[in-house]
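Q: fold the following for me, if possible:
(one chain, ligands or ions: 1)
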Amino acid sequence: MDNSSAPLNGTWASRWVFILAATGSAVGLGNIWKFPYIAGEYGGGAFVLLYLLIIALVGVPVMVAEVMMGRRGGMSPVNSMKKLAGQAEVTSRWKALGYLGATAGFLILTFYSVIAGWALYYIVAMPTVLVGADTEQVAAVFDGLLASPMTMLLCHSVFMLLTVVVVLQGIYRGLQRAVQVLMPALFVMLLVLLGYAATSGGFNEALAFMFTVDFSKLSSEAVLVAMGHSFFTLSLGLGAIMAYGAYMPKEVSGKDGRRRPVSIGSTVLTIAFLDTLVALVAGLCIFPVVFANGLEPGAGPGLLFQTLPLAFAQMPAGIWFGGLFFVLVLFAAWSSSISLLEPLVAWLVEAGWSRPRAAIVLGLAAWLIGIGSVLSFNLWSDKTLFGETVFGTLDFLTTNIMLPLGGLLIAIFAGWVMKDSHARKELNMASFKVYLGWRVAVRIIAPLAILAVFAHGIGLI
Ligand code: TRP
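A: Residues are numbered from 1 along each chain as shown. Below you'll find the predicted structure:
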(Lines give C-alpha, C1' and ligand atoms only; values in the text may rest on other atoms or scores of the structure.)
Protein backbone atom coordinates (compact mmCIF):
# COMPACT_ATOMS: atom_id res chain seq x y z
CA MET A 1 0.00 0.00 0.00
CA ASP A 2 1.07 3.54 -0.64
CA ASN A 3 2.16 4.70 2.79
CA SER A 4 2.00 8.38 2.07
CA SER A 5 -1.78 8.19 1.88
CA ALA A 6 -2.30 5.65 4.67
CA PRO A 7 -4.16 7.28 7.56
CA LEU A 8 -1.86 8.00 10.48
CA ASN A 9 -4.27 6.44 12.95
CA GLY A 10 -4.77 3.19 11.01
CA THR A 11 -7.30 1.45 8.75
CA TRP A 12 -10.02 -1.09 9.60
CA ALA A 13 -9.09 -4.62 8.62
CA SER A 14 -12.12 -5.01 6.37
CA ARG A 15 -15.42 -3.54 5.30
CA TRP A 16 -17.14 -5.66 7.95
CA VAL A 17 -15.04 -4.23 10.74
CA PHE A 18 -16.05 -0.77 9.59
CA ILE A 19 -19.68 -1.88 9.63
CA LEU A 20 -19.29 -3.27 13.15
CA ALA A 21 -17.55 -0.14 14.39
CA ALA A 22 -20.05 2.25 12.85
CA THR A 23 -22.97 0.12 14.00
CA GLY A 24 -21.34 0.05 17.42
CA SER A 25 -21.27 3.82 17.40
CA ALA A 26 -24.83 4.10 16.18
CA VAL A 27 -26.38 1.50 18.48
CA GLY A 28 -26.34 2.95 21.95
CA LEU A 29 -28.43 4.50 24.66
CA GLY A 30 -30.33 6.19 21.85
CA ASN A 31 -31.68 2.85 20.65
CA ILE A 32 -32.32 1.07 23.89
CA TRP A 33 -33.14 3.86 26.31
CA LYS A 34 -34.47 6.71 24.21
CA PHE A 35 -36.19 5.16 21.20
CA PRO A 36 -38.62 2.97 23.15
CA TYR A 37 -39.67 5.77 25.46
CA ILE A 38 -40.18 8.36 22.73
CA ALA A 39 -42.04 5.79 20.63
CA GLY A 40 -44.14 5.17 23.73
CA GLU A 41 -44.74 8.86 24.35
CA TYR A 42 -45.57 9.77 20.77
CA GLY A 43 -48.09 7.05 20.19
CA GLY A 44 -46.32 3.93 18.88
CA GLY A 45 -46.93 2.73 15.30
CA ALA A 46 -47.33 6.02 13.48
CA PHE A 47 -44.19 7.35 15.14
CA VAL A 48 -42.27 4.20 14.24
CA LEU A 49 -43.30 4.48 10.60
CA LEU A 50 -42.37 8.14 10.48
CA TYR A 51 -39.03 7.38 12.05
CA LEU A 52 -38.30 4.74 9.39
CA LEU A 53 -39.15 7.21 6.67
CA ILE A 54 -36.86 9.87 8.08
CA ILE A 55 -33.99 7.43 8.51
CA ALA A 56 -34.33 6.54 4.81
CA LEU A 57 -34.83 10.07 3.45
CA VAL A 58 -32.53 12.11 5.66
CA GLY A 59 -30.43 9.86 7.90
CA VAL A 60 -29.01 7.58 5.23
CA PRO A 61 -28.06 10.35 2.75
CA VAL A 62 -26.34 12.40 5.46
CA MET A 63 -24.52 9.34 6.71
CA VAL A 64 -23.34 8.61 3.18
CA ALA A 65 -22.08 12.21 3.02
CA GLU A 66 -20.26 11.92 6.32
CA VAL A 67 -18.57 8.61 5.53
CA MET A 68 -17.64 9.88 2.08
CA MET A 69 -16.09 13.05 3.46
CA GLY A 70 -14.21 11.08 6.09
CA ARG A 71 -12.82 8.54 3.67
CA ARG A 72 -11.76 11.18 1.21
CA GLY A 73 -10.18 13.29 3.96
CA GLY A 74 -8.47 10.31 5.55
CA MET A 75 -7.75 12.12 8.81
CA SER A 76 -9.40 13.37 11.99
CA PRO A 77 -12.49 15.47 11.18
CA VAL A 78 -10.61 18.76 11.72
CA ASN A 79 -7.80 17.91 9.31
CA SER A 80 -10.10 16.11 6.88
CA MET A 81 -12.22 19.24 6.62
CA LYS A 82 -9.11 21.34 6.01
CA LYS A 83 -8.06 19.02 3.24
CA LEU A 84 -11.51 18.78 1.67
CA ALA A 85 -11.89 22.57 1.78
CA GLY A 86 -8.57 22.86 -0.05
CA GLN A 87 -9.73 20.43 -2.72
CA ALA A 88 -13.00 22.30 -3.10
CA GLU A 89 -11.05 25.59 -3.28
CA VAL A 90 -12.98 27.23 -0.48
CA THR A 91 -11.83 28.79 2.78
CA SER A 92 -10.03 26.48 5.19
CA ARG A 93 -12.36 27.85 7.88
CA TRP A 94 -14.51 24.82 7.10
CA LYS A 95 -12.25 23.04 9.55
CA ALA A 96 -14.39 24.75 12.19
CA LEU A 97 -16.93 22.05 11.37
CA GLY A 98 -14.37 19.51 12.55
CA TYR A 99 -13.81 21.42 15.79
CA LEU A 100 -17.53 21.87 16.34
CA GLY A 101 -18.21 18.17 15.91
CA ALA A 102 -15.27 16.91 17.91
CA THR A 103 -16.08 19.28 20.77
CA ALA A 104 -19.75 18.30 20.74
CA GLY A 105 -18.82 14.60 20.75
CA PHE A 106 -16.55 15.21 23.71
CA LEU A 107 -19.29 17.08 25.56
CA ILE A 108 -21.83 14.33 24.87
CA LEU A 109 -19.31 11.84 26.26
CA THR A 110 -19.21 13.73 29.57
CA PHE A 111 -22.87 12.97 30.33
CA TYR A 112 -23.27 9.82 28.21
CA SER A 113 -20.83 8.22 30.62
CA VAL A 114 -22.99 9.22 33.59
CA ILE A 115 -26.14 7.60 32.14
CA ALA A 116 -24.19 4.55 30.99
CA GLY A 117 -22.95 4.36 34.56
CA TRP A 118 -26.55 3.80 35.65
CA ALA A 119 -26.67 0.69 33.47
CA LEU A 120 -23.51 -0.49 35.17
CA TYR A 121 -25.20 0.01 38.54
CA TYR A 122 -28.29 -1.93 37.47
CA ILE A 123 -26.23 -4.91 36.35
CA VAL A 124 -25.31 -5.30 40.00
CA ALA A 125 -28.61 -4.07 41.46
CA MET A 126 -30.88 -6.33 39.40
CA PRO A 127 -29.90 -9.67 40.97
CA THR A 128 -29.31 -8.13 44.41
CA VAL A 129 -31.33 -5.23 45.86
CA LEU A 130 -34.03 -5.45 43.22
CA VAL A 131 -35.03 -9.07 43.79
CA GLY A 132 -38.79 -9.17 44.35
CA ALA A 133 -38.97 -5.39 44.63
CA ASP A 134 -42.36 -3.67 44.36
CA THR A 135 -43.12 -0.31 42.74
CA GLU A 136 -42.02 1.70 45.72
CA GLN A 137 -38.84 -0.25 46.27
CA VAL A 138 -37.85 0.04 42.61
CA ALA A 139 -38.50 3.77 42.71
CA ALA A 140 -36.48 3.96 45.92
CA VAL A 141 -33.53 2.20 44.28
CA PHE A 142 -33.55 4.64 41.35
CA ASP A 143 -34.01 7.67 43.59
CA GLY A 144 -31.34 6.31 45.88
CA LEU A 145 -28.92 6.05 42.98
CA LEU A 146 -29.67 9.60 41.85
CA ALA A 147 -29.34 10.90 45.38
CA SER A 148 -25.94 9.32 45.89
CA PRO A 149 -23.16 11.33 44.25
CA MET A 150 -20.58 8.77 45.33
CA THR A 151 -22.30 5.77 43.72
CA MET A 152 -22.92 7.68 40.54
CA LEU A 153 -19.37 9.00 40.50
CA LEU A 154 -18.00 5.49 40.93
CA CYS A 155 -20.09 4.16 38.02
CA HIS A 156 -19.24 7.16 35.85
CA SER A 157 -15.54 6.65 36.62
CA VAL A 158 -15.61 2.96 35.75
CA PHE A 159 -17.41 3.62 32.47
CA MET A 160 -15.03 6.41 31.48
CA LEU A 161 -12.11 4.15 32.28
CA LEU A 162 -13.54 1.44 30.01
CA THR A 163 -13.85 3.99 27.20
CA VAL A 164 -10.31 5.35 27.62
CA VAL A 165 -8.76 1.88 27.83
CA VAL A 166 -10.17 1.00 24.40
CA VAL A 167 -9.33 4.28 22.69
CA LEU A 168 -5.78 4.49 24.01
CA GLN A 169 -4.90 1.18 22.40
CA GLY A 170 -5.63 2.51 18.95
CA ILE A 171 -7.59 1.25 15.98
CA TYR A 172 -6.19 -2.27 15.80
CA ARG A 173 -5.73 -3.36 19.38
CA GLY A 174 -8.42 -1.09 20.78
CA LEU A 175 -11.44 -0.12 18.74
CA GLN A 176 -11.38 -2.96 16.26
CA ARG A 177 -10.93 -5.64 18.87
CA ALA A 178 -13.59 -4.13 21.12
CA VAL A 179 -16.29 -3.96 18.46
CA GLN A 180 -15.50 -7.46 17.24
CA VAL A 181 -16.36 -8.77 20.70
CA LEU A 182 -19.05 -6.32 21.81
CA MET A 183 -21.23 -6.29 18.73
CA PRO A 184 -21.72 -10.04 18.23
CA ALA A 185 -22.31 -10.35 22.00
CA LEU A 186 -24.86 -7.59 21.77
CA PHE A 187 -26.76 -9.32 19.00
CA VAL A 188 -26.80 -12.63 20.84
CA MET A 189 -28.08 -10.99 24.03
CA LEU A 190 -30.73 -9.16 22.07
CA LEU A 191 -31.96 -12.44 20.58
CA VAL A 192 -32.06 -14.16 23.97
CA LEU A 193 -34.04 -11.26 25.42
CA LEU A 194 -36.38 -11.22 22.45
CA GLY A 195 -37.03 -14.92 23.00
CA TYR A 196 -37.75 -14.22 26.65
CA ALA A 197 -40.06 -11.32 25.81
CA ALA A 198 -41.88 -13.37 23.18
CA THR A 199 -42.67 -16.11 25.67
CA SER A 200 -43.56 -14.19 28.79
CA GLY A 201 -46.82 -12.57 27.71
CA GLY A 202 -47.67 -9.18 26.35
CA PHE A 203 -45.93 -9.79 23.03
CA ASN A 204 -49.01 -9.37 20.85
CA GLU A 205 -49.91 -6.17 22.58
CA ALA A 206 -46.38 -4.93 22.05
CA LEU A 207 -46.54 -5.80 18.35
CA ALA A 208 -49.86 -4.01 18.04
CA PHE A 209 -48.55 -1.01 19.92
CA MET A 210 -45.44 -0.67 17.77
CA PHE A 211 -46.86 -1.50 14.38
CA THR A 212 -50.48 -0.39 14.31
CA VAL A 213 -50.37 2.90 12.51
CA ASP A 214 -52.81 5.52 13.69
CA PHE A 215 -51.92 8.85 12.15
CA SER A 216 -54.35 10.74 14.31
CA LYS A 217 -51.88 10.23 17.13
CA LEU A 218 -49.11 11.97 15.23
CA SER A 219 -48.33 15.57 16.19
CA SER A 220 -45.95 17.98 14.47
CA GLU A 221 -43.89 17.70 17.62
CA ALA A 222 -43.52 13.98 16.93
CA VAL A 223 -42.17 14.70 13.44
CA LEU A 224 -39.46 16.94 14.84
CA VAL A 225 -38.58 14.56 17.64
CA ALA A 226 -38.27 11.71 15.12
CA MET A 227 -35.99 13.83 12.98
CA GLY A 228 -33.75 14.90 15.84
CA HIS A 229 -33.54 11.35 17.06
CA SER A 230 -32.63 9.95 13.65
CA PHE A 231 -29.46 12.05 13.79
CA PHE A 232 -28.58 11.07 17.31
CA THR A 233 -29.18 7.38 16.77
CA LEU A 234 -27.10 7.21 13.60
CA SER A 235 -24.29 9.19 15.31
CA LEU A 236 -24.50 11.87 12.64
CA GLY A 237 -23.43 15.48 12.62
CA LEU A 238 -20.46 15.30 14.95
CA GLY A 239 -17.74 13.87 12.80
CA ALA A 240 -17.73 10.57 14.72
CA ILE A 241 -18.78 8.75 11.59
CA MET A 242 -16.43 10.95 9.58
CA ALA A 243 -13.53 9.86 11.79
CA TYR A 244 -14.52 6.20 11.38
CA GLY A 245 -14.92 6.77 7.63
CA ALA A 246 -11.32 7.93 7.50
CA TYR A 247 -10.23 4.47 8.63
CA MET A 248 -12.35 2.77 6.00
CA PRO A 249 -10.38 0.93 3.36
CA LYS A 250 -10.87 2.17 -0.20
CA GLU A 251 -10.49 -1.31 -1.60
CA VAL A 252 -10.59 -4.83 -0.28
CA SER A 253 -9.40 -8.10 -1.75
CA GLY A 254 -12.21 -10.36 -2.86
CA LYS A 255 -12.10 -14.15 -2.53
CA ASP A 256 -10.51 -14.33 -5.97
CA GLY A 257 -7.73 -12.04 -4.77
CA ARG A 258 -8.85 -9.16 -6.92
CA ARG A 259 -9.14 -5.71 -5.35
CA ARG A 260 -12.61 -4.28 -5.25
CA PRO A 261 -13.69 -0.79 -4.29
CA VAL A 262 -15.63 -0.62 -1.03
CA SER A 263 -19.03 0.83 -1.75
CA ILE A 264 -20.07 3.51 0.70
CA GLY A 265 -23.75 3.41 -0.22
CA SER A 266 -24.39 -0.24 0.52
CA THR A 267 -22.19 -0.13 3.61
CA VAL A 268 -24.20 2.75 5.04
CA LEU A 269 -27.47 0.98 4.21
CA THR A 270 -26.28 -2.02 6.21
CA ILE A 271 -25.39 0.16 9.20
CA ALA A 272 -28.69 2.05 9.12
CA PHE A 273 -30.56 -1.22 8.79
CA LEU A 274 -28.80 -2.77 11.78
CA ASP A 275 -29.26 0.34 13.88
CA THR A 276 -32.98 0.44 13.12
CA LEU A 277 -33.30 -3.28 13.71
CA VAL A 278 -31.76 -2.95 17.17
CA ALA A 279 -34.09 -0.06 18.06
CA LEU A 280 -37.14 -2.05 16.96
CA VAL A 281 -36.04 -5.25 18.66
CA ALA A 282 -35.21 -3.31 21.83
CA GLY A 283 -38.79 -2.04 21.70
CA LEU A 284 -40.03 -5.61 21.24
CA CYS A 285 -38.01 -6.66 24.30
CA ILE A 286 -39.25 -3.82 26.46
CA PHE A 287 -42.93 -3.33 25.59
CA PRO A 288 -44.10 -6.92 26.18
CA VAL A 289 -42.69 -6.68 29.69
CA VAL A 290 -44.42 -3.35 30.08
CA PHE A 291 -47.80 -4.65 28.88
CA ALA A 292 -47.62 -8.01 30.63
CA ASN A 293 -47.27 -6.12 33.88
CA GLY A 294 -49.89 -3.50 33.19
CA LEU A 295 -47.36 -0.67 33.14
CA GLU A 296 -47.42 2.59 31.23
CA PRO A 297 -45.65 2.56 27.79
CA GLY A 298 -45.40 6.35 27.75
CA ALA A 299 -43.56 6.46 31.07
CA GLY A 300 -40.82 8.69 29.64
CA PRO A 301 -37.11 8.56 30.39
CA GLY A 302 -37.72 6.39 33.45
CA LEU A 303 -38.99 3.54 31.26
CA LEU A 304 -35.64 1.77 31.19
CA PHE A 305 -34.52 2.37 34.74
CA GLN A 306 -37.81 2.29 36.65
CA THR A 307 -40.60 0.61 34.75
CA LEU A 308 -38.51 -2.21 33.35
CA PRO A 309 -36.64 -3.23 36.53
CA LEU A 310 -40.00 -3.40 38.28
CA ALA A 311 -41.29 -5.85 35.73
CA PHE A 312 -38.15 -7.96 35.76
CA ALA A 313 -38.09 -8.00 39.56
CA GLN A 314 -41.55 -9.53 39.58
CA MET A 315 -40.94 -12.28 37.04
CA PRO A 316 -39.49 -15.74 37.54
CA ALA A 317 -35.86 -15.67 36.43
CA GLY A 318 -36.53 -12.04 35.65
CA ILE A 319 -33.63 -10.84 37.70
CA TRP A 320 -31.18 -12.74 35.52
CA PHE A 321 -32.74 -11.58 32.29
CA GLY A 322 -32.91 -8.13 33.80
CA GLY A 323 -29.21 -8.26 34.63
CA LEU A 324 -28.46 -9.47 31.11
CA PHE A 325 -30.53 -6.64 29.74
CA PHE A 326 -28.35 -4.08 31.46
CA VAL A 327 -25.18 -5.81 30.25
CA LEU A 328 -26.63 -5.27 26.79
CA VAL A 329 -27.19 -1.59 27.54
CA LEU A 330 -23.63 -1.32 28.84
CA PHE A 331 -22.12 -2.92 25.72
CA ALA A 332 -24.19 -0.73 23.44
CA ALA A 333 -23.15 2.40 25.32
CA TRP A 334 -19.51 1.36 25.43
CA SER A 335 -19.15 0.85 21.69
CA SER A 336 -20.76 4.28 21.25
CA SER A 337 -18.68 6.16 23.77
CA ILE A 338 -15.43 5.19 22.07
CA SER A 339 -16.69 6.92 18.93
CA LEU A 340 -17.38 10.06 20.91
CA LEU A 341 -13.79 10.23 22.15
CA GLU A 342 -12.00 9.07 19.01
CA PRO A 343 -12.28 12.22 16.80
CA LEU A 344 -10.49 14.49 19.28
CA VAL A 345 -7.93 11.84 20.13
CA ALA A 346 -7.18 11.32 16.43
CA TRP A 347 -6.72 15.05 16.02
CA LEU A 348 -4.24 15.27 18.93
CA VAL A 349 -2.36 12.27 17.54
CA GLU A 350 -2.02 14.09 14.24
CA ALA A 351 -0.71 17.07 16.17
CA GLY A 352 2.10 14.87 17.49
CA TRP A 353 0.75 13.58 20.80
CA SER A 354 1.09 9.93 21.67
CA ARG A 355 -2.27 8.14 21.55
CA PRO A 356 -2.23 6.99 25.20
CA ARG A 357 -1.49 10.52 26.37
CA ALA A 358 -4.24 12.00 24.19
CA ALA A 359 -6.79 9.43 25.33
CA ILE A 360 -5.92 9.77 29.01
CA VAL A 361 -5.84 13.57 29.07
CA LEU A 362 -9.14 13.88 27.19
CA GLY A 363 -10.75 11.07 29.18
CA LEU A 364 -9.72 12.77 32.41
CA ALA A 365 -11.14 16.08 31.20
CA ALA A 366 -14.43 14.43 30.16
CA TRP A 367 -14.56 12.66 33.50
CA LEU A 368 -14.10 15.96 35.37
CA ILE A 369 -16.82 17.74 33.40
CA GLY A 370 -19.00 14.66 33.87
CA ILE A 371 -18.91 15.25 37.62
CA GLY A 372 -21.04 18.33 36.90
CA SER A 373 -23.67 16.00 35.43
CA VAL A 374 -23.39 13.60 38.37
CA LEU A 375 -24.05 16.47 40.76
CA SER A 376 -26.93 17.76 38.61
CA PHE A 377 -29.04 14.91 39.94
CA ASN A 378 -28.36 15.63 43.60
CA LEU A 379 -26.21 18.29 45.28
CA TRP A 380 -26.42 20.77 42.41
CA SER A 381 -29.96 19.98 41.33
CA ASP A 382 -31.00 23.52 42.20
CA LYS A 383 -27.96 25.17 40.61
CA THR A 384 -29.14 26.14 37.18
CA LEU A 385 -27.90 27.97 34.12
CA PHE A 386 -30.65 29.30 31.84
CA GLY A 387 -33.09 27.28 33.93
CA GLU A 388 -31.26 23.98 33.39
CA THR A 389 -28.83 21.93 35.44
CA VAL A 390 -25.32 21.28 34.13
CA PHE A 391 -26.60 18.00 32.70
CA GLY A 392 -29.65 19.66 31.14
CA THR A 393 -27.56 22.45 29.64
CA LEU A 394 -25.01 20.08 28.11
CA ASP A 395 -27.72 17.79 26.76
CA PHE A 396 -29.62 20.70 25.25
CA LEU A 397 -26.55 22.42 23.80
CA THR A 398 -25.22 19.27 22.14
CA THR A 399 -28.38 17.45 21.05
CA ASN A 400 -30.50 20.44 20.07
CA ILE A 401 -27.91 22.89 18.79
CA MET A 402 -24.48 21.47 17.97
CA LEU A 403 -25.73 18.22 16.46
CA PRO A 404 -28.22 19.71 13.96
CA LEU A 405 -25.76 22.50 13.15
CA GLY A 406 -23.03 19.94 12.41
CA GLY A 407 -25.45 17.87 10.32
CA LEU A 408 -26.55 20.91 8.37
CA LEU A 409 -22.97 21.94 7.61
CA ILE A 410 -22.08 18.40 6.54
CA ALA A 411 -25.06 18.23 4.17
CA ILE A 412 -24.25 21.68 2.75
CA PHE A 413 -20.60 20.84 2.30
CA ALA A 414 -21.26 17.51 0.60
CA GLY A 415 -24.12 18.83 -1.51
CA TRP A 416 -23.13 22.36 -2.42
CA VAL A 417 -19.44 22.96 -1.68
CA MET A 418 -17.62 19.80 -2.64
CA LYS A 419 -16.94 19.35 -6.32
CA ASP A 420 -19.52 17.10 -7.88
CA SER A 421 -16.81 15.09 -9.60
CA HIS A 422 -15.02 14.46 -6.30
CA ALA A 423 -18.14 13.29 -4.51
CA ARG A 424 -19.07 11.09 -7.42
CA LYS A 425 -15.67 9.51 -7.63
CA GLU A 426 -15.49 8.80 -3.91
CA LEU A 427 -19.00 7.34 -3.79
CA ASN A 428 -18.47 5.33 -6.94
CA MET A 429 -22.14 4.41 -7.17
CA ALA A 430 -23.18 1.88 -9.74
CA SER A 431 -26.37 3.70 -10.63
CA PHE A 432 -26.41 7.33 -11.67
CA LYS A 433 -30.04 7.61 -10.63
CA VAL A 434 -29.20 6.59 -7.09
CA TYR A 435 -26.43 9.15 -7.07
CA LEU A 436 -28.83 11.86 -8.20
CA GLY A 437 -31.29 10.83 -5.51
CA TRP A 438 -28.55 11.16 -2.92
CA ARG A 439 -27.63 14.58 -4.24
CA VAL A 440 -31.18 15.88 -4.04
CA ALA A 441 -31.41 14.51 -0.50
CA VAL A 442 -28.23 16.19 0.78
CA ARG A 443 -28.76 19.42 -1.15
CA ILE A 444 -32.40 20.05 -0.39
CA ILE A 445 -34.30 17.54 1.72
CA ALA A 446 -31.75 17.15 4.53
CA PRO A 447 -30.97 20.88 5.00
CA LEU A 448 -34.67 21.76 5.13
CA ALA A 449 -35.41 18.94 7.54
CA ILE A 450 -32.48 19.87 9.75
CA LEU A 451 -33.41 23.56 9.76
CA ALA A 452 -36.87 22.59 10.98
CA VAL A 453 -35.41 20.45 13.79
CA PHE A 454 -33.04 23.24 14.69
CA ALA A 455 -35.78 25.84 14.85
CA HIS A 456 -37.81 23.49 17.00
CA GLY A 457 -34.84 22.69 19.24
CA ILE A 458 -34.30 26.33 20.13
CA GLY A 459 -38.01 26.94 20.56
CA LEU A 460 -38.79 28.85 17.36
CA ILE A 461 -41.40 26.40 16.05
N1 TRP B 1 -25.65 6.93 18.39
C2 TRP B 1 -25.42 6.76 19.79
C3 TRP B 1 -26.73 6.36 20.46
O4 TRP B 1 -27.69 6.11 19.80
C5 TRP B 1 -24.85 7.98 20.45
C6 TRP B 1 -23.68 8.52 19.74
C7 TRP B 1 -22.47 7.96 19.64
C8 TRP B 1 -23.63 9.70 18.98
N9 TRP B 1 -21.66 8.73 18.84
C10 TRP B 1 -22.34 9.80 18.44
C11 TRP B 1 -24.58 10.65 18.72
C12 TRP B 1 -22.00 10.85 17.62
C13 TRP B 1 -24.23 11.71 17.92
C14 TRP B 1 -22.98 11.79 17.34
O15 TRP B 1 -26.79 6.27 21.65
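
Q: mind listing the helices for the stretch 201-350 of the chain?
A: For the stretch 201-350 of the chain, the helices defined by DSSP state H, counting those that start in this stretch cover 203-211, 220-233, 240-246, 264-292, 307-314, 318-350.

Q: report the mean confidence score over the helix or strand just after the last one.
A: I take that to be helix 318-350. As assigned by DSSP states H and E, the chain's next helix or strand after helix 318-350 is helix 355-376. Across helix 355-376, pLDDT averages out at 97.

Q: after helix 355-376, which helix or strand is next?
A: Proceeding N to C from helix 355-376, the next assigned helix or strand is helix 390-395, under DSSP H and E.

Q: does that following helix come close to the ligand?
A: No: Helix 390-395 does not reach the ligand (CB under 6 Å from any ligand atom); its nearest approach is 11.7 Å. Where C-beta positions appear, they are placed from N, C-alpha and C, glycine not excepted.

Q: rebuild the helices of the stretch 201-350 of the chain as CSV, extending it with mean neighbour count.
A: As requested, those are arranged in CSV below (neighbours: other CB atoms under 10 Å):
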stretch, mean neighbour count
helix 203-211, 17
helix 220-233, 22
helix 240-246, 30
helix 264-292, 22
helix 307-314, 24
helix 318-350, 24
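
Q: reformat those helices as a markdown table; add mean pLDDT and distance to residue 401.
A: Putting the helices of the stretch 201-350 of the chain into a markdown table (pLDDT from 0 to 100; distance: least, CB to CB, whole Å) gives the following:
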| stretch | mean pLDDT | distance to residue 401 |
| --- | --- | --- |
| helix 203-211 | 91 | 31 |
| helix 220-233 | 86 | 11 |
| helix 240-246 | 95 | 17 |
| helix 264-292 | 92 | 23 |
| helix 307-314 | 82 | 30 |
| helix 318-350 | 94 | 17 |
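
Q: dump the ones you listed to JSON lines, plus distance to residue 90.
A: Putting the helices of the stretch 201-350 of the chain into JSON lines (distance: least, CB to CB, whole Å) gives the following:
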{"stretch": "helix 203-211", "distance to residue 90": "45"}
{"stretch": "helix 220-233", "distance to residue 90": "24"}
{"stretch": "helix 240-246", "distance to residue 90": "17"}
{"stretch": "helix 264-292", "distance to residue 90": "22"}
{"stretch": "helix 307-314", "distance to residue 90": "49"}
{"stretch": "helix 318-350", "distance to residue 90": "21"}
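
Q: pipe those helices into CSV and attach distance to the ligand per row.
A: Formatted as CSV, the entries for the helices of the stretch 201-350 of the chain read as follows, by distance: least, CB to the nearest ligand atom, whole Å:
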stretch, distance to the ligand
helix 203-211, 18
helix 220-233, 4
helix 240-246, 4
helix 264-292, 8
helix 307-314, 17
helix 318-350, 4
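
Q: indicate which one of these is closest to residue 28.
A: Nearest to residue 28 among these is helix 318-350 (3.3 Å), distances taken as CB to CB.

Q: following the one helix or strand residue 101 maps to, which helix or strand shows up next?
A: With elements taken from DSSP H and E, the one containing residue 101 is helix 95-125. Later in the chain than helix 95-125, the nearest helix or strand by DSSP H and E is helix 135-147.

Q: and that following helix, what does it pack onto?
A: Here helix 135-147 is seen to pack against helix 95-125, helix 149-168, helix 307-314 when contacts are counted using 3 or more CB pairs under 8 Å, 6 or more residues apart in numbering; DSSP states H and E.
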